[in-house]
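>>> structure for the following, please:
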Amino acid sequence: MANVRVLVGTRKGAFILTSNEKRKRWEVSDLLFPGWEIYHFNASPVDPNRLYISQNTGWFGQIVQRSDDGGKTWNAVGNKFAYEGETGTHQWYDGTPHPWEFKRVWQLAPSLTERDVVYAGVEDAALFRSGDAGQTWQELEGLRSVRGNLWAPGAGGMCLHTIIQDPRDANRIVVAISAAGVFRTDDGGETWRPITKGLKSAYELPDPDADVGHCVHNLAMHPKRPGVLFMQKHWDVMRSDDYGDSWYEISGNLPTDFGFPIAVNSNKPNTVYVIPIKSDSEHYVPDGKLRVYRSKSGGEKWQALTEGLPQENCYVNVLRSALAVDQLDPCGIYFGTSGGQVYASADDGDSWRALVRDFPPVLSVEVQTLE
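Below is the predicted model of the structure:
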């Protein structure tokens, strides 16, 4: 059995890349779901053979599929994500009300402890839970009661794109929404509150004390330190040491603090990775150089990792869900680009190589480490 399985979602289908613990030779599967946009492709931490995939096309809309045999066969599972009760409205850019609308599933997050529990973050922003492996879904509607009428979409839509589960407390979940902010529940989703103290969004929010409306791009956490959260914001890289109750900036010497993905080394809780891009209007890496930045001190001081990565004439982007780590030692780091390349490092990021170069644009990367 392969020790590492990399799940890659692209604009034209999905792939599974497999290797052993040495991570030197890789096998690439045939294309799964050809022609479909795969927004997220993820695996259960409890059952290594259970995979979930979120696929979307303009013709057939949104579908969630599940595999119970490691991706050999697939079945469409319950795809009704109707909002409960009154659908309500949210404010558009001009302040006029618009009804809530279900468009797609941005993230599928299987439970860390329960085989048949899985969460789904959707657009327009809401969080759903399934207790029967995706057959039926129920909205955790308390989230949208936190001034959901004031949430507004970011450039990519108003999506709930990140779900962080506390491995020590199944009732604690943190979610990020673009462009609404970051929210936490401590009671399994019954009640929620914004956790945005310390975030600054001067360009988007005229009120400096606003607790909703922040454009959060991504969150990361090490399972051994669930109280420490790292954030890639619309601008700024941030850190919280108290489960998100307060945040402080750790952008330090980064060439730009705008980007989408962020990840934590699986063995070193204070080692963090980001991939900056030039700006909110220029979605490509600065100076035509693809550089992953690593901080070994939990932020502020960052080192550019370049060995094996193109350092000229490179103008790709790396999306929010396209960076992931494995659980081996040294840690493997993987990311996919808008140019269809999937890069990997098997030495904590010191050196990189392209596993593939000609995939469709990559939307998501997740990693399974198998025993």
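>>> for the stretch 151-300 of the chain, which segments count as strands?
Remark: strands assigned in the stretch 151-300 of the chain by DSSP state E, counting those that start in this stretch are 159-165, 173-178, 181-185, 193-194, 216-222, 225-233, 237-240, 248-249, 259-264, 272-276, 292-295.
>>> return the set of buried residues in whatever helix or strand comes next after the last one.
If you walk from strand 292-295 toward the C-terminus, the next helix or strand you reach (DSSP states H and E) is strand 303-305. Counting neighbours by 16 or more other C-beta atoms under 10 Å, one finds that the buried residues in strand 303-305 are L305. Just so you know, the C-beta spots here come from the backbone N, C-alpha and C atoms, and that holds for glycine as well.
>>> could you list every helix and strand in contact with strand 303-305?
Here strand 303-305 touches strand 292-295, going by 3 or more C-beta pairs under 8 Å, 6 or more residues apart in numbering; DSSP states H and E.
>>> strands paired with the strand it packs on, and their directions?
strand 272-276 (antiparallel), strand 303-305 (antiparallel) (DSSP bridges).
>>> redo these as TSV? Include mean pLDDT and distance to G259.
Below are the strands paired with strand 292-295 laid out as TSV (pLDDT from 0 to 100; distance: least, C-beta to C-beta, whole Å):
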stretch	mean pLDDT	distance to G259
strand 272-276	98	5
strand 303-305	98	13
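>>> find the nearest non-adjacent residue to S201, please.
Distances taken as C-beta to C-beta, 6 or more residues apart in numbering put H214 closest to S201, at 4.9 Å, once the chain neighbours are dropped.
>>> with T136 instead?
Nearest non-adjacent residue to T136, counting by C-beta to C-beta, 6+ apart: G78, 4.8 Å away.
>>> what helix or strand is the one you found located in?
Judged by DSSP H and E, G78 forms part of no helix or strand.
>>> could you measure it against W247, distance?
In this view, G78 and W247 are 36 Å apart by C-beta to C-beta, to the nearest Å.
>>> who's more crowded, the two?
Higher neighbour count among G78 and W247: W247, with 24 against 14, using other C-beta atoms under 10 Å.
>>> just give me the neighbour total for the residue nearest to S201.
H214 has 25 neighbouring residues, counting by other C-beta under 10 Å.
>>> give the next helix or strand downstream of the worst-scoring helix or strand of the chain on mean pLDDT.
Ranked by mean pLDDT, DSSP states H and E, the weakest helix or strand in the chain is strand 89-91, scoring a mean of 78. Sequence order places strand 97-99 as the next helix or strand after strand 89-91, per DSSP H and E.
>>> summarise which helices and strands the next helix or strand after that following strand is packed against.
Sequence order places strand 104-110 as the next helix or strand after strand 97-99, per DSSP H and E. Other helices and strands packing on strand 104-110, by 3+ C-beta pairs under 8 Å, 6+ apart, are strand 37-43, strand 51-57, strand 61-67, strand 118-123, strand 159-165.
>>> residues in contact with the last one?
By that I understand strand 159-165. The contact list for strand 159-165, computed with C-beta atoms under 8 Å, 6 or more residues apart in numbering, reads 104, 106-107, 109, 111-112, 119, 121-127, 153, 172-178, 216, 218-221, 229, 320-321.
>>> could you do the third one as well?
In this structure, residues lying in contact with strand 61-67 by C-beta under 8 Å, 6+ apart are 33, 49-56, 73-79, 81, 102-105, 108, 120, 133-134.
>>> pull out the buried residues from it.
Buried residues in strand 61-67, counting neighbours by 16+ other C-beta under 10 Å, are found at 62-67.
>>> ok, those vs S145, which is closest?
Nearest to S145 among those: Q62, at 24.0 Å, using C-beta to C-beta.
>>> so how far is Y39 from the closest one?
9 Å.
>>> okay, and the common contacts of the two?
54-56, 104-105.
>>> of the residues you listed, just the buried ones, PyMOL syntax please.
Typed into PyMOL, the line below selects the buried ones among the shared contacts of Q62 and Y39, using 16+ other C-beta under 10 Å:
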select buried, resi 54+55+56+104+105
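>>> returning to what we had before: to V274, which of the helices and strands packed on strand 104-110 lies closest?
strand 159-165 (14.4 Å).
>>> got the angle between that closest one and strand 259-264?
Comparing the axes of strand 159-165 and strand 259-264 via axes from the mean of the first three to the mean of the last three C-alpha atoms, to 10 degrees yields an angle of 10 degrees.
>>> and strand 159-165 with strand 181-185, angle?
40 degrees.
>>> next, count neighbours for I173.
24.
>>> how close does it get to D116?
Distance from I173 to D116, by C-beta to C-beta: 17 Å.
>>> grab the nearest non-local neighbour of G35.
Setting aside the residues directly before and after it, G35 is nearest to K12 in space (C-beta to C-beta, 6+ apart), at 5.9 Å.
>>> mind putting the strands paired with strand 292-295 into JSON lines with distance to R291?
Output for the strands paired with strand 292-295, formatted as JSON lines (distance: least, C-beta to C-beta, whole Å):
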{"stretch": "strand 272-276", "distance to R291": "8"}
{"stretch": "strand 303-305", "distance to R291": "5"}
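>>> returning to that earlier point: I'd say the residue nearest to S201 and F183 touch.
No - H214 is beyond contact range of F183, at 10.6 Å (criterion: C-beta atoms under 8 Å).
>>> now the residue nearest to S251 when sequence neighbours are not counted, what are its backbone angles?
Computed as C-beta to C-beta, 6+ apart, the closest residue to S251 that is not its neighbour in sequence is D257, at 3.8 Å. When quoted as degrees, to the nearest 10, the phi and psi of D257 stand at phi -100, psi 20.
>>> distance of D257 relative to M238?
Applying C-beta to C-beta, the value for D257 to M238 is 9 Å.
>>> the more surrounded of these two?
M238 (25 against 18).
>>> let me see the contact set for N149.
88-91, 97.
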